[in-house]
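[1] Generate coordinates for the sequence data below:
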Amino acid sequence: MALTKVQIISNAISILGHKPISTLDEGDSLIVAAEQAFNMLLPSVLCQSNWRFAVQIQQLSQTVETLPSAIRWQYVYLLPADFLKNIRLYPQTYEYEIYENRKIYTNFSGEAYMEYVFQPDISLLPPYFVNYFVFEVAAYLALSNAQKPEYFNVIDSKRRLLQGMAAAADAQNRPESSQVDFPVLSNRNIAGMTSNFS
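    Numbers count the residues shown, from 1 in each chain. Reported below is the predicted structural model:
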């Protein structure tokens, strides 16, 4: 079951000893701070890793801008509207620079695609990430709200544990592929097929 922004914030402040909430309207100062923390932390946390649920590929639109000859770049593409962080370009090139967080300058002209990080709808966040992100918000708020310094340490320790578990779960969405051929492994008896070795 997908959780809403309100439910995520409610779980985060509950960790801090606040009563659960069902709406963000008319909230006290902790609820206001929690909503602000949520809005600030979510895109930041998504950019800190390449979470597969927050990665997509989109074709880039080339602009008709004419760049001065003194600039080393010849072409300009617009970044996707929901762009947060670049992962790679297709066709693969390392000859580019991003400006204003909305344009990419390059010497490549033609059909171009970008694999990038974006912020998906909150209802599409997977449970393993939500479980971790609740503690991300709680740990952020605990710095100013904790009654004892040790309280933050306990929350932050749990946050780090859940972050590692979430990253491990998310990594299963992109299987590793070997870039090296191992003939001994490639020629084993696989799925009942006869091995090349006698």
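[2] Enumerate every residue touching Gln119.
    Leu42, Pro43, Leu46, Ala54, Asp82, Leu84 (Cβ atoms under 8 Å, 6 or more residues apart in numbering). (Glycine included, C-beta is placed from N, CA and C.)
[3] Not counting sequence-adjacent ones, nearest residue to the third one?
    Counting by Cβ to Cβ, 6 or more residues apart in numbering, Leu46 lies nearest to Ala54, which is 4.8 Å off, once chain neighbours are set aside.
[4] From what I see, that neighbour and Glu115 are in contact.
    No. Using Cβ atoms under 8 Å, Ala54 makes no contact with Glu115, being 11.5 Å away.
[5] and those two? which has more neighbours close in?
    Each of Ala54 and Glu115 has its neighbours counted (other Cβ atoms under 10 Å); Ala54 has more, 24 against 14.
[6] wait, what's in contact with that one?
    Ala54 makes contact with Leu46, Leu84, Val117, Phe118, Gln119, Pro120 under the criterion Cβ under 8 Å, 6+ apart.
[7] again with Glu136
    When contacts are counted by Cβ under 8 Å, 6+ apart, Glu136 touches Leu41, Val45, Arg159, Gln163.
[8] pLDDT-wise, which helix or strand of this structure ranks last?
    Ranked by mean pLDDT, DSSP states H and E, the helix or strand of the chain with the weakest confidence is helix 183-186, at a mean of 59.
[9] Show me which residues of stretch 121-134 are buried.
    Residues Ile122, Leu125, Pro126, Tyr128, Phe129, Val130, Asn131, Tyr132, Phe133, Val134 are the ones in stretch 121-134 that count as buried (16 or more other Cβ atoms under 10 Å).
[10] which among those gets closest to Leu3?
    Val130 (5.4 Å; Cβ to Cβ).
[11] And the closest one, which helix or strand is it part of?
    helix 127-145 (DSSP states H and E).
[12] What are the buried residues along the helix or strand just after that helix?
    Using DSSP H and E, the next helix or strand after helix 127-145 towards the C-terminus is helix 149-171. For helix 149-171, the neighbour count (16+ other Cβ under 10 Å) marks Phe152, Ile155, Asp156, Lys158, Arg159, Leu162, Gln163, Ala166, Ala169, Asp170 as buried.
[13] so where's the protein uncertain?
    The model of the chain has pLDDT under 70 over residues 1, 145-148, 177-198.
[14] check contacts around the residue most central in space within it.
    By Cα atoms, centre = their mean, the chain has its centre lying nearest to Leu46, at 2.7 Å. Leu46 makes contacts with Ala54, Leu84, Lys85, Val117, Phe118, Gln119, as judged by Cβ under 8 Å, 6+ apart.
[15] Just the closest of those residues to Tyr94, please.
    Nearest to Tyr94 among those: Lys85, at 16.1 Å, using Cβ to Cβ.
[16] For that closest one, give its distance to Ala169.
    Relative to Ala169, Lys85 is positioned 20 Å away (Cβ to Cβ, to the nearest Å).
[17] Can you report phi and psi for Leu16?
    Taking degrees, to the nearest 10, you get phi -90, psi 0 for the backbone angles of Leu16.
[18] Alright, I will stop here.
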